[in-house]
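Engineer: below are the sequence and a predicted model; questions follow.
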Amino acid sequence: MDGQLPWELRDFPVSQSQARRFGTMRHLAGFDQIGDCYALNAARNGVWCYYYTDFPIANIDSDFRVRCWNTKVSGATTLAVAAKRVLLFGGYGDRRIECHLITLEDGDARLDAEASLVLPREIDVARNSVIGRDKQRHVFLEDDWFVFSLA
């Protein structure tokens, strides 16, 4: 199927001649394939993702090497990364505004702490845009922009 894509691009402003294949992503032994990417972070040291079904944290570096860590946190929607520390934000139900501070170890992610983002009282974090970029978490509310940095 060289030069052809298995789906139509009629809704995208890209022609088939502009699309190129980077390679084939294979999952690592012991980790499930990506069913849905819940959180994605473009950082200085590569691309980080946190995905469904088993919710591991994965890092793809600039040489396309993939490393994964198992977590016990499900449903987070953003992540910030600094060295071997990860801050996951979000979850299911009443956990949708929780933060989980994690240290990456050999194949596993150790949960160090659960916390909350502290914002002015009138701001409802659950109703605002929260994104992670590199080691920072950004919260947007109308004209206000709050930044939390993971040291």
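Structural biologist: Alright, I've got the coordinates.

Engineer: what are the phi and psi angles of Lys84?
Structural biologist: According to degrees, to the nearest 10, the main-chain angles of Lys84 amount to phi -100, psi 20.

Engineer: count of neighbours near the nearest residue to Ala82 once chain neighbours are set aside?
Structural biologist: Excluding the flanking residues, the one nearest Ala82 by C-beta to C-beta, 6 or more residues apart in numbering is Lys135, at 3.8 Å. For every residue, glycine as well, the C-beta is placed using N, CA and C. Lys135 is flanked by 19 other residues according to other C-beta atoms under 10 Å.

Engineer: list the contacts of Lys135.
Structural biologist: Going by C-beta atoms under 8 Å, 6 or more residues apart in numbering, Lys135 touches Ala43, Ala80, Val81, Ala82, Ser149, Leu150, Ala151.

Engineer: which of those are buried?
Structural biologist: Ala43, Ala80, Val81, Ala82, Leu150 (16 or more other C-beta atoms under 10 Å).

Engineer: where does pLDDT dip in this protein?
Structural biologist: Scanning the chain for pLDDT under 70 picks out the ranges 1-27.

Engineer: that one: strands as residue ranges?
Structural biologist: 36-43, 46-52, 57-60, 66-69, 78-82, 85-89, 98-104, 109-116, 129-133, 136-141, 144-149 (DSSP state E).

Engineer: tilt between the last one and strand 129-133?
Structural biologist: Okay, so that is strand 144-149. Angle, strand 144-149 to strand 129-133, by axes from the mean of the first three to the mean of the last three C-alpha atoms, to 10 degrees: 40 degrees.

Engineer: summarise which helices and strands strand 144-149 is packed against.
Structural biologist: strand 136-141 (3 or more C-beta pairs under 8 Å, 6 or more residues apart in numbering; DSSP states H and E).

Engineer: can we see that at 10 Å?
Structural biologist: Identification of packing neighbours for strand 144-149 by 3 or more C-beta pairs under 10 Å, 6 or more residues apart in numbering; DSSP states H and E yields strand 78-82, strand 85-89, strand 129-133, strand 136-141.

Engineer: just those strands: most buried one?
Structural biologist: strand 85-89 (a mean of 24; mean count of other C-beta atoms under 10 Å).

Engineer: convert that strand to CSV, retaining C-alpha atoms only.
Structural biologist: Extracted in CSV, the C-alpha atoms of strand 85-89 (Å, rounded to 0.1, in the frame of the first residue of the first chain):
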residue,chain,number,x,y,z
ARG,A,85,8.8,13.2,37.8
VAL,A,86,5.4,13.4,36.2
LEU,A,87,2.3,15.3,37.3
LEU,A,88,-0.9,13.8,36.1
PHE,A,89,-4.1,15.9,36.3
